[in-house]
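Enquirer: Sequence and predicted structure, then a few things I'm wondering about:
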Amino acid sequence: MNPLVRAALLTVVAAFGFNLETVLGKALGHLPVSVIVLDRALGQLLFVVPALLTHGVGLLRTSQPGMQVFRGCLSVGTWGFYFFAFSRLPLATATTLGFSAVLFVTALAGPVLGERVGWRRWSAALVGFCGVLAIVRPGSVPLSWPLAASLLSALASAAITLTTRHLAKSEKTQTIMCYIGLVSVAAALPFGLPNLAWTGWRDAGLLLALAVVGPAAMFVWISALRLADASVLSPIGYSRLIFATGSGVLLFGEVPDAWLGLGAVLIIGSAVYITRREAMLARQTRTGTA
């Protein structure tokens, strides 16, 4: 199979997996968010156990322990906002607002990483933020905690992206993933453990599925990125909104409105442009360096 076709198929599978993770989180919305976050963290840890068994504790050697711990704690915070938002907002709305993470990365790349962000990417980011305003509609729609949590999740996700970029300059991917698993469990345990209670086989099965689906979807997405550039795959990845809309309508009776459609067009359009623009600049930099 052509590598690009395979990458595209993997991207669609990953988008479906990420949507399934949010569906499971919404179905478990009656549980404390801290329990869902702990479950997700345990899934992340189990996912990296094979690498630890293969490479041993040497895999944990790092020149940036503080940043590794910070990255793991960011994951816990992001999951907390993420699952809280999805448990209380329509799936399509929370999914679309989550895409604004790309816009926050653009806004923070300059002051945090010292990257030069040109007027084209700034313009695209402003268009995307107009999409956020179209969905949130300040003054028309009350700014609820779930809406705020969804935007905070996107902001925290942007911080994760920037932190990972920084770590990737000196650390192995497997080392970063191992620390995410270990630190996220350690950070989530104090909050999730006191709220653990047996609520039936249905919830146990959903929790098990969520623990597996989240890390598996991320693995599939990373596998796709090994075969093709992110600028090529990111537009396909936004098929997740189609899955979210369909799941919301069929499973939860959620009907999206025109404002959501407008916001989705602006946010996804700007995010695709920013991703492709960054890829083009990266290729130019590599060519110039060579």
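Expert: Received the coordinates, thanks. Keep in mind the model is a prediction, meaning the values are calculated, not measured. Residues are numbered from 1 along each chain as shown.

Enquirer: for the chain, what's the longest helix?
Expert: Scanning the chain for the helix with the most residues, using DSSP state H, yields helix 258-289.

Enquirer: which parts of that helix are buried?
Expert: 259-260, 263-264, 266-278, 281 (16 or more other Cβ atoms under 10 Å). C-beta here means a position set from N, CA and C on the backbone, and glycine is covered the same way.

Enquirer: Equivalent analysis for stretch 67-87, please.
Expert: Buried residues in stretch 67-87, counting neighbours by 16+ other Cβ under 10 Å, are found at 67-69, 71-87.

Enquirer: so where's this protein shaky on pLDDT?
Expert: Low-confidence segments of the chain (pLDDT under 70): 1, 110-115, 139-142, 231, 282, 285-290.

Enquirer: In this structure Gly128 contacts Leu103, no?
Expert: Yes - if you go by Cβ atoms under 8 Å, Gly128 and Leu103 touch, sitting 4.2 Å apart.

Enquirer: what residues do these two have in common as contacts?
Expert: 267, 270-271, 274 (Cβ atoms under 8 Å, 6 or more residues apart in numbering).

Enquirer: Quick check, central residue of this structure?
Expert: Averaging the C-alpha coordinates of the chain gives a centre point, and the residue nearest to it by Cα atoms, centre = their mean is Ser157 (5.9 Å).

Enquirer: Not counting sequence-adjacent ones, nearest residue to it?
Expert: In space, and not counting its chain neighbours, Ser157 is closest to Ala101: 4.0 Å by Cβ to Cβ, 6 or more residues apart in numbering.

Enquirer: which residues of the chain fall in helices?
Expert: 3-27, 33-55, 65-88, 91-98, 101-113, 119-136, 145-168, 173-192, 201-225, 230-237, 240-252, 258-289.

Enquirer: For stretch 40-47, give me every contacting residue.
Expert: Stretch 40-47 is contacted by residues 75-76, 79, 83, 177, 180-182, 184-185, 187-188, 210-212, 214-216, 219 when judged by Cβ under 8 Å, 6+ apart.

Enquirer: Which of these are buried? Put it as a ChimeraX command.
Expert: With 16+ other Cβ under 10 Å as the criterion, this ChimeraX line picks the buried residues out of the contacts of stretch 40-47:
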select :75,76,79,83,177,180,181,182,184,185,187,188,210,211,212,214,215,216
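
Enquirer: so who does the residue nearest to Ser157 touch?
Expert: Contacts here follow Cβ under 8 Å, 6+ apart; on that basis Ala101 touches 154-155, 157-158, 161.

Enquirer: Closest one to Leu108 out of those residues, please.
Expert: Sorting the contacts of Ala101 by distance to Leu108 puts Ala158 at the head of the list, at 5.9 Å, by Cβ to Cβ.

Enquirer: what about that closest one, neighbour count?
Expert: Applying the criterion other Cβ atoms under 10 Å, we find 22 residues in the vicinity of Ala158.

Enquirer: Leaving out chain neighbours, which residue sits closest to it?
Expert: Here the nearest residue to Ala158 in space, its sequence neighbours aside, is Phe104; by Cβ to Cβ, 6+ apart that works out to 3.4 Å.
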